[in-house]
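Chemist: Sequence below, structure please.
(one chain, ligands or ions: 1)
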Amino acid sequence: MTVQRRTFIAAAAFALAGAAFPAMAAKPLVMGFSQVGAESEWRTANTVSVKDAARKAGINLKFADAQQRQENQVKAIRSFIAQKVDVIAFSPVVESGWDTVLREAKAANIPVILTDRDVNVADKSLYVTLIGSDFVEEGRRAGRWLNEYAKKQPGKTFNVVELQGTVGSAPAIDRKTGFEEVTKGNAQLKMLRTQTAEFTRAKGKEVMEAFLKAHGKNINVLYAHNDDMAIGAIQAIEEAGLKPGKDIVIVSVDGVRGAFEAMIQGKLNVTVECNPLLGPLLMQTAKDVKAGKQVPKRLVVEERVFPAEVALKEFPNRKY
Ligand code: AHR
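Modeler: Sure thing, here's the model as predicted:
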(Lines give C-alpha, C1' and ligand atoms only; values in the text may rest on other atoms or scores of the structure.)
Protein backbone atom coordinates (compact mmCIF):
# COMPACT_ATOMS: atom_id res chain seq x y z
CA MET A 1 0.00 0.00 0.00
CA THR A 2 1.37 3.42 -0.95
CA VAL A 3 1.95 6.12 1.70
CA GLN A 4 -0.76 8.28 0.05
CA ARG A 5 -3.31 5.44 0.19
CA ARG A 6 -2.56 4.71 3.87
CA THR A 7 -2.90 8.44 4.69
CA PHE A 8 -6.23 8.56 2.82
CA ILE A 9 -7.62 5.53 4.73
CA ALA A 10 -6.51 6.97 8.10
CA ALA A 11 -8.08 10.36 7.31
CA ALA A 12 -11.35 8.72 6.21
CA ALA A 13 -11.49 6.64 9.42
CA PHE A 14 -10.86 9.75 11.51
CA ALA A 15 -13.62 11.67 9.69
CA LEU A 16 -16.06 8.77 10.18
CA ALA A 17 -15.26 8.59 13.90
CA GLY A 18 -15.91 12.33 14.16
CA ALA A 19 -19.27 11.90 12.43
CA ALA A 20 -20.22 9.00 14.67
CA PHE A 21 -19.26 10.82 17.90
CA PRO A 22 -19.97 14.49 17.23
CA ALA A 23 -20.24 15.18 20.95
CA MET A 24 -16.54 14.44 21.31
CA ALA A 25 -15.57 17.60 19.39
CA ALA A 26 -14.83 20.30 22.02
CA LYS A 27 -17.52 22.99 22.06
CA PRO A 28 -15.99 26.47 22.42
CA LEU A 29 -17.03 28.44 25.47
CA VAL A 30 -19.38 31.29 24.55
CA MET A 31 -18.90 34.63 26.32
CA GLY A 32 -21.20 37.63 26.07
CA PHE A 33 -19.21 40.82 26.73
CA SER A 34 -20.79 44.24 27.19
CA GLN A 35 -18.25 47.04 26.80
CA VAL A 36 -18.81 50.59 28.14
CA GLY A 37 -18.09 52.27 24.79
CA ALA A 38 -15.12 53.82 23.00
CA GLU A 39 -14.73 56.99 25.06
CA SER A 40 -10.97 56.91 25.57
CA GLU A 41 -7.60 55.57 24.39
CA TRP A 42 -7.73 53.31 27.46
CA ARG A 43 -11.09 51.85 26.42
CA THR A 44 -9.86 51.13 22.89
CA ALA A 45 -6.86 49.26 24.30
CA ASN A 46 -9.17 47.33 26.64
CA THR A 47 -11.45 46.28 23.76
CA VAL A 48 -8.48 45.11 21.66
CA SER A 49 -7.14 43.16 24.65
CA VAL A 50 -10.49 41.40 25.25
CA LYS A 51 -11.01 40.52 21.57
CA ASP A 52 -7.43 39.29 21.04
CA ALA A 53 -7.44 37.22 24.21
CA ALA A 54 -10.78 35.59 23.29
CA ARG A 55 -9.42 34.61 19.88
CA LYS A 56 -6.23 33.19 21.37
CA ALA A 57 -8.17 31.27 24.05
CA GLY A 58 -10.59 29.77 21.49
CA ILE A 59 -13.54 31.52 23.15
CA ASN A 60 -16.52 32.53 21.03
CA LEU A 61 -16.98 36.20 21.99
CA LYS A 62 -20.27 38.03 21.50
CA PHE A 63 -19.21 41.67 21.84
CA ALA A 64 -21.66 44.54 22.42
CA ASP A 65 -20.69 48.25 22.61
CA ALA A 66 -23.01 50.13 25.00
CA GLN A 67 -21.98 53.62 23.84
CA GLN A 68 -21.72 54.81 27.46
CA ARG A 69 -25.38 54.01 28.23
CA GLN A 70 -26.51 51.73 31.02
CA GLU A 71 -29.79 50.86 29.28
CA ASN A 72 -27.77 49.46 26.33
CA GLN A 73 -25.78 47.29 28.74
CA VAL A 74 -28.95 45.97 30.38
CA LYS A 75 -30.36 45.13 26.92
CA ALA A 76 -27.12 43.38 25.92
CA ILE A 77 -27.07 41.31 29.12
CA ARG A 78 -30.72 40.26 28.58
CA SER A 79 -29.89 39.28 25.01
CA PHE A 80 -26.91 37.18 26.25
CA ILE A 81 -29.26 35.44 28.71
CA ALA A 82 -31.75 34.72 25.90
CA GLN A 83 -28.90 33.30 23.79
CA LYS A 84 -27.89 31.04 26.72
CA VAL A 85 -24.20 32.04 26.61
CA ASP A 86 -21.85 30.19 28.99
CA VAL A 87 -20.49 33.32 30.73
CA ILE A 88 -21.41 36.99 30.81
CA ALA A 89 -18.67 39.58 31.33
CA PHE A 90 -19.14 43.32 31.45
CA SER A 91 -17.56 46.60 32.42
CA PRO A 92 -20.41 48.53 34.09
CA VAL A 93 -20.75 52.12 32.91
CA VAL A 94 -22.06 53.15 36.37
CA GLU A 95 -22.07 51.43 39.76
CA SER A 96 -25.76 51.31 40.67
CA GLY A 97 -28.91 49.84 39.11
CA TRP A 98 -27.73 46.29 38.35
CA ASP A 99 -29.64 44.16 40.88
CA THR A 100 -32.57 43.15 38.65
CA VAL A 101 -30.67 42.15 35.52
CA LEU A 102 -27.97 40.34 37.52
CA ARG A 103 -30.68 38.39 39.35
CA GLU A 104 -32.03 37.36 35.92
CA ALA A 105 -28.57 36.08 34.93
CA LYS A 106 -28.30 34.17 38.20
CA ALA A 107 -31.75 32.62 37.73
CA ALA A 108 -30.62 31.47 34.26
CA ASN A 109 -27.52 29.92 35.87
CA ILE A 110 -25.10 32.08 33.88
CA PRO A 111 -22.03 33.23 35.84
CA VAL A 112 -21.22 36.94 35.60
CA ILE A 113 -17.66 38.31 35.67
CA LEU A 114 -17.10 42.04 36.19
CA THR A 115 -14.13 43.57 34.39
CA ASP A 116 -12.56 46.96 35.05
CA ARG A 117 -15.42 48.57 37.06
CA ASP A 118 -17.39 47.57 40.13
CA VAL A 119 -21.14 47.44 40.75
CA ASN A 120 -23.00 48.45 43.87
CA VAL A 121 -25.28 45.48 44.66
CA ALA A 122 -26.46 44.26 48.06
CA ASP A 123 -26.11 40.60 47.07
CA LYS A 124 -22.46 40.01 46.15
CA SER A 125 -23.27 36.50 44.93
CA LEU A 126 -24.77 38.10 41.80
CA TYR A 127 -21.27 38.15 40.30
CA VAL A 128 -18.39 35.73 40.57
CA THR A 129 -15.42 38.10 40.59
CA LEU A 130 -14.19 41.58 39.68
CA ILE A 131 -11.01 41.79 37.59
CA GLY A 132 -9.36 45.21 37.39
CA SER A 133 -7.59 48.12 39.03
CA ASP A 134 -7.80 49.57 42.52
CA PHE A 135 -9.20 53.00 41.57
CA VAL A 136 -9.06 54.38 45.13
CA GLU A 137 -5.34 53.62 45.21
CA GLU A 138 -4.92 55.34 41.82
CA GLY A 139 -6.52 58.47 43.30
CA ARG A 140 -4.23 58.23 46.34
CA ARG A 141 -1.18 57.92 44.07
CA ALA A 142 -2.21 61.05 42.15
CA GLY A 143 -2.73 62.92 45.45
CA ARG A 144 0.56 61.72 46.95
CA TRP A 145 2.47 62.90 43.86
CA LEU A 146 0.86 66.34 44.22
CA ASN A 147 1.64 66.48 47.95
CA GLU A 148 5.29 65.80 47.19
CA TYR A 149 5.30 68.40 44.40
CA ALA A 150 3.80 71.06 46.68
CA LYS A 151 6.21 70.19 49.50
CA LYS A 152 9.11 71.32 47.30
CA GLN A 153 7.64 74.86 47.26
CA PRO A 154 6.90 75.58 50.92
CA GLY A 155 4.63 78.55 51.60
CA LYS A 156 3.04 78.43 48.14
CA THR A 157 -0.68 77.72 47.75
CA PHE A 158 -1.88 75.74 44.74
CA ASN A 159 -5.37 76.25 43.31
CA VAL A 160 -6.57 72.93 41.94
CA VAL A 161 -9.28 72.12 39.39
CA GLU A 162 -10.55 68.59 38.85
CA LEU A 163 -12.00 66.90 35.77
CA GLN A 164 -14.07 63.95 36.94
CA GLY A 165 -14.95 60.85 34.91
CA THR A 166 -18.47 59.67 34.11
CA VAL A 167 -20.89 60.56 36.91
CA GLY A 168 -21.71 57.49 39.01
CA SER A 169 -18.91 55.34 37.54
CA ALA A 170 -16.58 53.45 39.86
CA PRO A 171 -13.36 55.11 38.60
CA ALA A 172 -14.83 58.63 38.98
CA ILE A 173 -16.10 57.94 42.51
CA ASP A 174 -13.00 56.10 43.68
CA ARG A 175 -10.35 58.34 42.12
CA LYS A 176 -11.99 61.32 43.79
CA THR A 177 -12.17 59.50 47.13
CA GLY A 178 -8.53 58.39 47.04
CA PHE A 179 -7.25 61.81 45.99
CA GLU A 180 -9.26 63.60 48.71
CA GLU A 181 -8.18 61.08 51.34
CA VAL A 182 -4.49 61.94 50.93
CA THR A 183 -4.75 65.68 50.10
CA LYS A 184 -7.41 66.82 52.58
CA GLY A 185 -4.90 67.70 55.31
CA ASN A 186 -2.63 69.62 52.94
CA ALA A 187 -3.05 73.36 53.59
CA GLN A 188 -1.08 74.17 50.41
CA LEU A 189 -3.85 72.75 48.18
CA LYS A 190 -7.17 74.45 47.55
CA MET A 191 -9.83 72.83 45.34
CA LEU A 192 -11.29 75.61 43.16
CA ARG A 193 -13.63 73.69 40.87
CA THR A 194 -14.59 70.08 40.17
CA GLN A 195 -16.81 68.91 37.33
CA THR A 196 -17.39 65.89 35.13
CA ALA A 197 -15.96 65.74 31.60
CA GLU A 198 -17.17 62.17 31.00
CA PHE A 199 -13.72 60.67 30.35
CA THR A 200 -13.55 62.18 26.83
CA ARG A 201 -11.08 64.58 25.16
CA ALA A 202 -13.82 66.78 23.71
CA LYS A 203 -15.47 67.29 27.11
CA GLY A 204 -12.10 67.70 28.82
CA LYS A 205 -11.35 70.61 26.50
CA GLU A 206 -14.83 72.11 26.90
CA VAL A 207 -14.88 72.00 30.71
CA MET A 208 -11.28 73.25 31.00
CA GLU A 209 -12.22 76.20 28.77
CA ALA A 210 -15.01 77.04 31.22
CA PHE A 211 -12.63 76.70 34.21
CA LEU A 212 -10.12 79.01 32.50
CA LYS A 213 -12.81 81.54 31.67
CA ALA A 214 -13.88 81.67 35.32
CA HIS A 215 -10.45 81.51 37.00
CA GLY A 216 -7.81 82.23 34.33
CA LYS A 217 -4.24 82.37 35.65
CA ASN A 218 -5.36 81.54 39.19
CA ILE A 219 -5.43 77.86 38.29
CA ASN A 220 -2.16 76.17 39.29
CA VAL A 221 -3.01 72.46 39.07
CA LEU A 222 -5.31 70.22 37.04
CA TYR A 223 -6.19 66.75 38.34
CA ALA A 224 -7.87 64.78 35.52
CA HIS A 225 -9.43 61.38 36.19
CA ASN A 226 -8.07 60.15 32.85
CA ASP A 227 -5.45 61.02 30.24
CA ASP A 228 -7.97 61.78 27.50
CA MET A 229 -9.59 64.57 29.53
CA ALA A 230 -6.10 65.88 30.38
CA ILE A 231 -5.14 65.89 26.68
CA GLY A 232 -8.33 67.79 25.81
CA ALA A 233 -7.59 70.25 28.63
CA ILE A 234 -4.01 70.73 27.37
CA GLN A 235 -5.48 72.06 24.12
CA ALA A 236 -7.72 74.47 26.03
CA ILE A 237 -4.77 75.69 28.14
CA GLU A 238 -2.62 76.31 25.06
CA GLU A 239 -5.45 78.13 23.30
CA ALA A 240 -5.74 80.36 26.38
CA GLY A 241 -2.07 81.33 25.88
CA LEU A 242 -0.78 79.36 28.89
CA LYS A 243 1.82 76.58 29.11
CA PRO A 244 0.41 73.18 30.17
CA GLY A 245 2.82 71.36 32.46
CA LYS A 246 4.41 74.65 33.56
CA ASP A 247 1.82 77.40 34.18
CA ILE A 248 -0.64 74.65 35.10
CA VAL A 249 0.72 71.42 36.56
CA ILE A 250 -1.21 68.40 35.24
CA VAL A 251 -1.75 65.11 37.07
CA SER A 252 -3.76 62.42 35.29
CA VAL A 253 -4.57 58.72 35.25
CA ASP A 254 -4.25 55.82 32.74
CA GLY A 255 -0.73 55.88 31.26
CA VAL A 256 -1.77 55.70 27.61
CA ARG A 257 0.71 56.48 24.81
CA GLY A 258 -0.90 59.91 24.28
CA ALA A 259 -0.02 60.81 27.87
CA PHE A 260 3.59 59.73 27.39
CA GLU A 261 3.82 61.87 24.24
CA ALA A 262 2.44 64.84 26.20
CA MET A 263 4.96 64.21 29.02
CA ILE A 264 7.86 64.02 26.53
CA GLN A 265 6.72 67.40 25.16
CA GLY A 266 6.67 68.80 28.72
CA LYS A 267 2.88 69.34 28.70
CA LEU A 268 1.85 66.75 31.31
CA ASN A 269 3.62 66.22 34.64
CA VAL A 270 2.60 62.73 35.72
CA THR A 271 0.28 59.87 34.82
CA VAL A 272 -0.87 57.19 37.26
CA GLU A 273 -1.13 53.87 35.44
CA CYS A 274 -4.47 52.08 35.01
CA ASN A 275 -3.92 48.79 33.20
CA PRO A 276 -6.46 48.04 30.41
CA LEU A 277 -4.88 44.75 29.31
CA LEU A 278 -7.38 42.60 31.16
CA GLY A 279 -8.28 40.22 28.30
CA PRO A 280 -5.97 37.27 29.07
CA LEU A 281 -6.92 37.18 32.78
CA LEU A 282 -10.61 37.47 31.89
CA MET A 283 -10.49 34.51 29.47
CA GLN A 284 -8.54 32.34 31.92
CA THR A 285 -10.97 33.21 34.72
CA ALA A 286 -13.97 32.39 32.50
CA LYS A 287 -12.48 28.97 31.74
CA ASP A 288 -11.77 28.35 35.44
CA VAL A 289 -15.31 29.34 36.42
CA LYS A 290 -16.80 27.01 33.80
CA ALA A 291 -14.52 24.21 35.00
CA GLY A 292 -15.98 24.66 38.50
CA LYS A 293 -12.77 26.07 40.01
CA GLN A 294 -12.91 28.53 42.92
CA VAL A 295 -11.75 32.01 41.83
CA PRO A 296 -10.95 34.94 44.18
CA LYS A 297 -13.75 37.50 44.53
CA ARG A 298 -11.32 40.27 43.54
CA LEU A 299 -8.41 40.15 41.11
CA VAL A 300 -6.34 43.37 41.20
CA VAL A 301 -3.83 44.16 38.46
CA GLU A 302 -0.39 45.71 39.13
CA GLU A 303 0.18 49.34 38.25
CA ARG A 304 2.84 52.07 38.53
CA VAL A 305 3.22 55.85 38.56
CA PHE A 306 5.03 57.52 35.65
CA PRO A 307 6.31 61.07 36.24
CA ALA A 308 7.42 63.09 33.18
CA GLU A 309 11.10 62.51 34.07
CA VAL A 310 10.86 58.82 33.08
CA ALA A 311 8.56 59.24 30.06
CA LEU A 312 11.20 59.12 27.33
CA LYS A 313 12.84 56.00 28.77
CA GLU A 314 9.53 54.18 29.37
CA PHE A 315 7.78 55.14 26.12
CA PRO A 316 9.19 52.25 24.00
CA ASN A 317 7.92 49.73 26.62
CA ARG A 318 4.31 50.95 26.56
CA LYS A 319 1.85 48.42 25.15
CA TYR A 320 -1.15 50.75 24.87
O1 AHR B 1 -12.75 52.37 33.92
C2 AHR B 1 -11.50 52.77 33.48
C3 AHR B 1 -11.57 54.17 32.98
O4 AHR B 1 -12.52 54.27 31.95
C5 AHR B 1 -10.31 54.73 32.38
O6 AHR B 1 -9.52 55.42 33.26
C7 AHR B 1 -10.86 55.70 31.40
O8 AHR B 1 -9.92 56.20 30.50
C9 AHR B 1 -11.95 54.90 30.83
O10 AHR B 1 -12.78 55.52 29.97
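
Chemist: Up against the ligand, what does the stretch 51-200 of the chain have?
Modeler: Contact residues, the stretch 51-200 of the chain versus the ligand (Cβ under 6 Å from any ligand atom): Asp116, Arg117, Pro171, Phe199. Glycine gets a C-beta too; all of them are placed from N, C-alpha and C.

Chemist: Ignore what I typed, I meant the stretch 201-320 of the chain.
Modeler: Asn226, Asp228, Val253, Asp254, Cys274.

Chemist: Please give me every residue in contact with the fourth one.
Modeler: Same thing as Asp254. By Cβ atoms under 8 Å, 6 or more residues apart in numbering, the contact set of Asp254 is Ser40, Glu41, Trp42, Asn226, Asp227, Asp228, Thr271, Val272, Glu273, Cys274, Pro276.

Chemist: Which of those residues sits closest to Leu212?
Modeler: Within the contacts of Asp254, the smallest distance to Leu212 is 18.3 Å, found for Asp228 (Cβ to Cβ).

Chemist: does that closest one sit in a helix or strand, and which one?
Modeler: Using DSSP states H and E, Asp228 sits in helix 227-239.

Chemist: pLDDT averaged over that helix, what's the number?
Modeler: Averaging pLDDT along helix 227-239 gives 98.

Chemist: Then stretch 75-84?
Modeler: Across stretch 75-84, the per-residue pLDDT values average to 98.

Chemist: Only the buried residues of it, if you could.
Modeler: Buried positions in stretch 75-84, judged by neighbour count with 16 or more other Cβ atoms under 10 Å: Ala76, Ile77, Phe80, Ile81.

Chemist: of those residues, closest to Leu130?
Modeler: Of all the buried residues of stretch 75-84, Ile77 has the smallest distance to Leu130: 15.9 Å, by Cβ to Cβ.

Chemist: just checking, next helix/strand downstream of whichever strand or helix holds the closest one?
Modeler: According to DSSP H and E, Ile77 maps onto helix 70-82. For helix 70-82, the following helix or strand on the C-terminal side (DSSP H and E) is strand 87-90.

Chemist: What are the contacting residues of that next one?
Modeler: Contact partners of strand 87-90, identified using Cβ under 8 Å, 6+ apart, comprise 29-35, 50, 73, 76-77, 80-81, 105, 110-115, 282, 286, 289-290.

Chemist: Adjacent strands (with direction) for it?
Modeler: Applying DSSP bridges, strand 87-90 is found paired with strand 30-35 (parallel), strand 112-115 (parallel).

Chemist: Include mean pLDDT, mean neighbour count and distance to Arg298 when you put these into CSV, please.
Modeler: Putting the strands paired with strand 87-90 into CSV (pLDDT from 0 to 100; neighbours: other Cβ atoms under 10 Å; distance: least, Cβ to Cβ, whole Å) gives the following:
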stretch, mean pLDDT, mean neighbour count, distance to Arg298
strand 30-35, 98, 24, 19
strand 112-115, 98, 24, 10
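
Chemist: Generate a markdown table for these, with distance to Ile59 as supplementary columns.
Modeler: Shown next, in a markdown table, are the strands paired with strand 87-90 (distance: least, Cβ to Cβ, whole Å):
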| stretch | distance to Ile59 |
| --- | --- |
| strand 30-35 | 5 |
| strand 112-115 | 12 |
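
Chemist: For the stretch 201-320 of the chain, give the residue positioned nearest to the ligand.
Modeler: Minimum separation of the stretch 201-320 of the chain from the ligand (Cβ to the nearest ligand atom) falls at Asn226, amounting to 3.6 Å.

Chemist: which one among the contacts of Asp254 gets closest to Asn60?
Modeler: For those, the closest approach to Asn60 (Cβ to Cβ) belongs to Pro276, at 22.4 Å.

Chemist: Now, the residues of the stretch 51-200 of the chain next to the ligand that are in helices?
Modeler: Among those, the ones falling in helices (DSSP state H) are Pro171.

Chemist: Out of the residues of the stretch 51-200 of the chain next to the ligand, which is nearest to Lys184?
Modeler: Lys184 has its nearest neighbour among those in Pro171, at 19.8 Å by Cβ to Cβ.

Chemist: show me what contacts the closest one?
Modeler: Counted by Cβ under 8 Å, 6+ apart, Pro171 has contacts Arg117, Ser133, Phe135, Glu138, Gly165, His225, Asn226, Val253, Cys274.
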